[in-house]
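Undergrad: How does the following fold in three dimensions:
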Amino acid sequence: MNPRAKAVSRWAAIAAIVAASAFLGWWTWRTTAALERLGERSVMDATLALVSEKLKSVERGISSADDAVVHAVDPDDLDALLTRFPALTVLHPSARAAAILDEAERPLRGVSRVSAEDGARYLALVAERLRPELHLDTLPLYEVRHWHGTINTQDVLASYVARESAGRRYYVVVETDLDYVKREVLPRLFDDPVGRRRGTTRFNVTNEQGRPVYGRSLSTATEFLVSARFPNTLYKWRLAVIPQAATELEAGARSRRLIEAGYVGLSLLVIVAGVIFFAYAAREQERLNQLKSDFIATVSHELKTPLSLIRMFGEMLATDRVPSPEKRQQYLDIIVRESERLTALIENVLDFARLERGRISFEFALGDLGGVVFRGVEMFRYRLVKERPRLVTEIAPDLPRTRLDERALHLLLFNLLDNAVKYASDSEDVTVRVRQERRGLVLEVEDRGPGIDPEDTRRIFERFYRGRTAQSSGARGSGIGLALVKHIARAHGGDVTVHPGAVRGSVFRVTIPIDTVPTDEDIPL
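TA: The predicted structure follows:
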């Protein structure tokens, strides 16, 4: 059996053992937990049903009072409402006051069971504070809505409806007496004789800030606490209830957690963690080995191609097999161009090797990024095989100086331009931009090529990695250029990202922070 097959068998055996152990522990835990949860669920469902019924009971009382007040309003005889309203609130004590507005939302009349002054107060409150928040002009006819909030540190609940009489629209806004709700309605609904005897409580109602409106705080209560908001009226309040069997549920939960801990066990966790770690390490090592093999093959091909061309045209020149002076010059240009390509590749490989060993160094000095980029683009023009694609520079004027390594930034720029030219269409320009954004400088290289697969955008800066577009295009590359670009950008305190172009292609964006602190090299002797 070869080593690869042995490794596969070993991993398969370990995986089978871990899977069997995990399944046994999971099945035992699942059976025990299911029995416990059946009991918990029945108690929680009963408590939830109780909460829902309590909420509905409170809202039914409020809605009943609101309906009685609304139907008692006659916009053509508002004086009669002054005499009917006190008697009406005897039957529906949760209604405290009402305000009537005309079709233009102008205040008509305010009534209160307390006093005429209180009715005027509520009418002014509606007209000045509540009306902008109620959006009465968009309110459908006869649809009752509610507004619950805080005004001057006081909780306010207003129910409002649009009605019509003799073809004219009017609005009724009813104030609920929340003091009455807290004093009479909630104690009656949430009476807990057992809790009173024990000095505890199972119910409370809290406001939007979590402070109790009724009952004591349940912040340290059991994990089986059931809570829900009032759905329609008092929607800023929340009702919380502790199940009667909460003590038994907590004891059962603690017991179940101990059983789970025993079944799962530290040993299984260690085994699984170890297997996952070694599997990940083995996979990563295999991936890196494959990437290195691909890198060596690619670099060998990259070296072989220019060497073959240099040798071929050199032999033709040496043996004087040149048909014309024009051809001689063409062969010499090819030799120079391929020599430059070979030199660039070797420099990339050497810089990458130094980077891998942690020996790459930078010589920072205050400089002009725009000037560095301009000189780099002009030097790169001489490497172009053809006049197209054309290199276009857009460098903003008066850029601030910053600490930079000119040689390293030329290497960064050459790698980005080499990629852009390699994949760009001959009919489109490659644009290089330099500008200032906020407190940093931005260098962009934009091409009009086929673009980058979205799944590759996070990995193209990894060493040896070549994206799907690069592989399918057949373009040559070593897979280390963008890794160098990222390292140089981060060495300058910035970073590099890639984005889709405005029309097509890609935009590589390098950001460099503005740092004007001089180094030793910047201080004149």
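
Undergrad: alpha carbons only for contacts and neighbour counts from here, please
TA: Fine.

Undergrad: residues near residue 128, how many?
TA: The local packing of residue 128 (other C-alpha atoms under 10 Å) involves 11 other residues.

Undergrad: Kindly list the main-chain dihedrals of residue 378?
TA: Per-residue torsions, residue 378: phi -60, psi -40 (degrees, to the nearest 10).

Undergrad: so what pLDDT did it get?
TA: Looking at residue 378, its pLDDT stands at 87.

Undergrad: swap in residue 128?
TA: 90.

Undergrad: Kindly confirm my reading that it forms part of a helix.
TA: Yes - in this structure, residue 128 lies within a helix as judged by DSSP: H, G, I helix; E, B strand; the rest coil.

Undergrad: and the gap between it and residue 108?
TA: Here residue 128 is placed at a distance of 13 Å from residue 108 (C-alpha to C-alpha, to the nearest Å).

Undergrad: Equivalent analysis for residue 168, please.
TA: 14 Å.

Undergrad: higher neighbour count, these two?
TA: A count of neighbours by other C-alpha under 10 Å puts residue 108 above the other of residue 168 and residue 108, at 15 against 10.

Undergrad: Can you list phi and psi of that one for me?
TA: phi -110, psi -50.

Undergrad: which residues does residue 86 contact?
TA: By C-alpha atoms under 8 Å, 6 or more residues apart in numbering, the contact set of residue 86 is 112-113.

Undergrad: and the residue nearest to residue 447 when sequence neighbours are not counted, how many neighbours?
TA: Nearest in space to residue 447, with sequence neighbours left out and distances taken as C-alpha to C-alpha, 6 or more residues apart in numbering, is residue 430 at 4.8 Å. Counted with other C-alpha under 10 Å, the neighbours of residue 430 add up to 22.

Undergrad: just checking, residue 430 touches residue 381?
TA: No - using C-alpha atoms under 8 Å, residue 430 is not in contact with residue 381; the gap is 11.5 Å.

Undergrad: shared neighbours of the two, which are they?
TA: In contact with both residue 430 and residue 381: residue 391, using C-alpha under 8 Å, 6+ apart.

Undergrad: pretty sure residue 90 is in a helix, no?
TA: Yes - counting by three-state DSSP, residue 90 is found in a helix.

Undergrad: So it versus residue 119, what's the distance?
TA: From residue 90 to residue 119 the distance is 17 Å (C-alpha to C-alpha).

Undergrad: what's the answer for residue 146, then?
TA: To residue 119, residue 146 is 19 Å away according to C-alpha to C-alpha.

Undergrad: Looking at the two, which is more packed in?
TA: Neighbours were counted for residue 146 and for residue 119 using other C-alpha under 10 Å; residue 119 has more, 21 against 18.

Undergrad: thought the more buried one was touching residue 111?
TA: Yes - taking contacts as C-alpha under 8 Å, residue 119 lies within contact range of residue 111: 4.1 Å.

Undergrad: Could you tell me which residues touch both of the two?
TA: 97-99.

Undergrad: who wins for neighbours among those?
TA: Neighbour counts for the shared contacts of residue 119 and residue 111, by other C-alpha under 10 Å, peak at residue 98, which reaches 29 neighbours.

Undergrad: tell me the phi and psi of it?
TA: phi -150, psi 150.

Undergrad: how about the strands of the stretch 51-200 of the chain, start to end?
TA: With strands called from DSSP state E, counting those that start in this stretch, the stretch 51-200 of the chain shows them at 95-101, 107-112, 145-151, 154-165, 168-176.

Undergrad: So, low pLDDT: which residues of the stretch 101-250 of the chain?
TA: For the stretch 101-250 of the chain, residues meeting the criterion pLDDT under 70 lie at 192, 194-200, 219-224, 244-250.

Undergrad: For the stretch 401-525 of the chain, just list every one of the strands.
TA: Under DSSP E, counting those that start in this stretch, the stretch 401-525 of the chain gives strands at 402-404, 430-437, 440-446, 495-500, 506-513.

Undergrad: So which residues make contact with the helix or strand encompassing residue 371?
TA: If you go by DSSP states H and E, residue 371 is part of helix 369-381. Residues from elsewhere that reach helix 369-381, judged by C-alpha under 8 Å, 6+ apart: 391, 393, 395-396, 399, 401-402, 404, 406, 409-410, 413-414, 417, 434.

Undergrad: That one: what's the following helix or strand?
TA: strand 391-395.

Undergrad: how much does that next one deviate in direction from strand 440-446?
TA: 160 degrees (axes from the mean of the first three to the mean of the last three C-alpha atoms, to 10 degrees).

Undergrad: List the neighbouring strands of strand 391-395 plus their orientation.
TA: strand 430-437 (parallel) (DSSP bridges).

Undergrad: List the buried residues in the partner strand.
TA: Buried positions in strand 430-437, judged by neighbour count with 16 or more other C-alpha atoms under 10 Å: 430-436.

Undergrad: Turn those into CSV, columns for distance to residue 307 and pLDDT.
TA: Listed next are those as CSV, based on distance: C-alpha to C-alpha, whole Å; pLDDT from 0 to 100:
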residue, distance to residue 307, pLDDT
430, 28, 88
431, 31, 90
432, 31, 93
433, 34, 94
434, 36, 94
435, 40, 94
436, 42, 93
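
Undergrad: so can I have CSV of those showing distance to residue 209?
TA: Converted to CSV, these look like this (distance: C-alpha to C-alpha, whole Å):
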residue, distance to residue 209
430, 58
431, 55
432, 54
433, 52
434, 50
435, 48
436, 45
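
Undergrad: mind listing the helices in this protein by residue range?
TA: 3-72, 78-91, 116-125, 131-134, 178-180, 186-189, 193-198, 246-264, 266-318, 325-357, 369-381, 406-423, 468-473, 481-491 (DSSP state H).

Undergrad: Contacts for the shortest one next, please.
TA: Outside helix 178-180, the residues within contact range by C-alpha under 8 Å, 6+ apart are 93-94, 155-157.

Undergrad: Output those in JSON lines, with neighbour count appended to each entry.
TA: Shown next, in JSON lines, are the contacts of helix 178-180 (neighbours: other C-alpha atoms under 10 Å):
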{"residue": "93", "neighbour count": "19"}
{"residue": "94", "neighbour count": "23"}
{"residue": "155", "neighbour count": "16"}
{"residue": "156", "neighbour count": "16"}
{"residue": "157", "neighbour count": "21"}
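
Undergrad: among those residues, which two are most distant?
TA: Maximum pairwise distance in the contacts of helix 178-180, criterion C-alpha to C-alpha, is 17.5 Å, between 93 and 155.

Undergrad: burial count for residue 218?
TA: A count of nearby residues for residue 218, using other C-alpha under 10 Å, gives 18.

Undergrad: Tell me how far it lies from residue 55.
TA: Applying C-alpha to C-alpha to residue 218 and residue 55 gives a distance of 18 Å.

Undergrad: same question, residue 121
TA: Taken as C-alpha to C-alpha, the span from residue 121 to residue 55 is 30 Å.

Undergrad: Compare the two (neighbour count), which wins?
TA: More crowded of residue 121 and residue 55, by other C-alpha under 10 Å: residue 55, with 21 against 16.

Undergrad: Surely that one touches residue 233?
TA: No - using C-alpha under 8 Å, residue 55 makes no contact with residue 233, being 9.8 Å away.

Undergrad: give the contact list for residue 218.
TA: residue 204.

Undergrad: Repeat that for the one 10 residues further on.
TA: With contact set as C-alpha under 8 Å, 6+ apart, residue 228 has these partners: 51-52, 238-240.

Undergrad: do residue 315 as well
TA: No contacts exist for residue 315 under C-alpha under 8 Å, 6+ apart.

Undergrad: still on that earlier bit, now the helix holding residue 371 and strand 430-437, what's the angle there?
TA: 170 degrees.
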